[in-house]
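how would this look folded up:
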Amino acid sequence: MGLFRIIIGALTFSVLTNLYSYKRFIKKVSFFTPHLKKIRIFFYIISVLEFVFVLQLRFSFLNIELYLIAGTLIGFSLFLFGVSLFYDIVRSICLKAHFNPTRRKFIKFCFDVTFVIFVVACFLKGIFNALTPPKIRQISIKIKNLQSDLKIAMITDVHIGEFLQKDFVAELVKEINLARPDLVVIVGDLVDMRAELIGDFLDPLKNLKSTYGTFYVPGNHEYYHGVDEILEKIRALGIRVLGNKNEKIAGINLAGVYDLAGIRFKNLEPNLDEALAGCDPYLPTILLSHQPKFIKTMQKDVDLVLCGHTHAGQIFPFSILVLLDQGFLHGLYKINDKMQAYVSSGAGFWGPPVRIFAPSEIAILNLSKD
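Here you go, the predicted model:
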C-alpha cells in the first residue's frame, strides 16, 4: 500500500508540474509556438519516464544508459517547473507595466530569449556540478574548551550506486588526503544500493589517511537497502561505525547516532542518551547525525552537530521544501549559546544527476579554541 501511494503521488506530481510548465511557460514563449506539438510529445515522454524512474528506485530494472537519460530528463522537468513559476511571476508583473504594444512585444522577446538561454545554461552547469568531483570547502569553527586545533574532513551523501562508483570514491579520497585531516567523518548516505551489489566500489576508502582514523554513521538510504549488511561492509573497510556510541579521541568526545529512518524500520533507532553515555564532561562533544532535523528532538546539548541529508536542495527551488522539512539547508548554524551545527551539501547526488545552485562539497572543518 505504501509503494502504491508513492507511485500515485509521483505520477500526479509529474503530470501537474509538467502541465504547469507547458501551459505557463512554453506556450507563452513566442518562438516555441511553431514547435508546440513536438514539445507536447517531449513532455509526455518525460511524464512516462518519471513514472518509470520511481519504479526503478524500488525494483532496479533499467540499464545505466536508460537510467541516466531518465534521471537527467526528470532533473530538467523539476528545474523547469521551478523556473516556470518564476517566469509566471515576472510576466504577471510586466503585464501591468504601461508600454505601447510594439515596445511590449520587443521587451518580451528579449526577456524570453535571455530567460531560455539562462535556463539551458543553468541546467547544463547543474549536470556538470553533479558528475564532477566536489570541491574542497573550508569552514572555520570556534569551539569552547577545545584543547588544540583540529582539522576534520567531512563528507556526506555520496550515494554510491548506478551513477557514482569506484572512480568517484577514489577522487574523494585523493582530495581528502591532500587536505591532511586529523580525522575523517562520513555522515550518512554513503551508498544507495544493496550490500551484495557494492563490490569493490568502496575499496578506495581503505586509503583514507588521517591521524585518528575514519568514523561513520548511516543515513536513511542505508536503511532502504539493508542497513545491517551495509554496516558489515563498511566495518570491513576499517571504518569505525558510531551507532549510538562515542569515542574519546583528539581531546574531544566524538559521538554518533543512528538515523531517524531507524524509527520507521524499527531497527537501529537513534538514541542520544546511549550515544553520549560516558562522555567526558570536561571535553567538547561533536555529534554525527545524518538528518539535521534530529537536532529538534535533542534534549541534551553538545558543542557541534555534523549533518548532511539536505543536498542543499540539489535542484533549486526545491531547496525551499527541504528547508521546510528539515529546518536547515546548508552551512554553519548557531543553535544556542553552546551548540552549533554544520550541515553539508553532500559530495554526490540522489536521483537526477543534476545540482543547480547547490554545489557539492568536501567540507574541511578547521576547529579552534573559542
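
in this structure, which spans are helices?
Along the chain, counting by DSSP state H, helices occupy 2-24, 36-59, 64-95, 101-131, 166-179, 195-198, 220-224, 227-235, 261-265, 272-276, 319-326.

pick the most deeply packed of the ones you listed.
For the helices of the chain, the largest average neighbour count (mean count of other C-beta atoms under 10 Å) is found in helix 220-224, namely a mean of 22. Glycine gets a C-beta too; all of them are placed from N, C-alpha and C.

make CSV from the helices of the chain and add mean pLDDT to it.
What follows is the helices of the chain, written out as CSV (pLDDT from 0 to 100):
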stretch, mean pLDDT
helix 2-24, 75
helix 36-59, 80
helix 64-95, 83
helix 101-131, 86
helix 166-179, 96
helix 195-198, 91
helix 220-224, 93
helix 227-235, 96
helix 261-265, 94
helix 272-276, 96
helix 319-326, 90
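
take those and write them to TSV, including distance to residue 137.
Converted to TSV, the helices of the chain look like this (distance: least, C-beta to C-beta, whole Å):
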stretch	distance to residue 137
helix 2-24	31
helix 36-59	29
helix 64-95	23
helix 101-131	13
helix 166-179	11
helix 195-198	27
helix 220-224	22
helix 227-235	24
helix 261-265	26
helix 272-276	26
helix 319-326	17
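
closest one to residue 354 among these?
Closest to residue 354 of the helices of the chain, according to C-beta to C-beta: helix 64-95, at 3.4 Å.

how far is the closest one from where the chain is centred?
19 Å (C-alpha atoms, centre = their mean, to the nearest Å).

what's the answer for stretch 208-225, then?
Relative to its chain's centre, stretch 208-225 lies at 15 Å (C-alpha atoms, centre = their mean).

endpoints of it, how far apart?
25 Å (C-alpha to C-alpha, to the nearest Å).

go on, stretch 309-319?
Span of stretch 309-319 from end to end, C-alpha to C-alpha: 12 Å.

what does that stretch contact?
Contact partners of stretch 309-319, identified using C-beta atoms under 8 Å, 6 or more residues apart in numbering, comprise 75, 78-79, 82, 85-86, 126, 156-157, 188-189, 219-220, 290-292, 320-323, 326, 328-330, 343, 345-346, 349-352, 354-359.

again, but for stretch 189-209
With C-beta under 8 Å, 6+ apart, stretch 189-209 has contacts from 156-162, 165-166, 169-170, 172-173, 176-177, 180, 184, 214, 216, 218-222, 224-226, 229-230, 232-234, 237-239, 290, 308-309, 346, 350.

can I see the domain layout of this protein?
In terms of domains, the chain is parsed into 2-130, 135-369 (source: automatic domain parsing).
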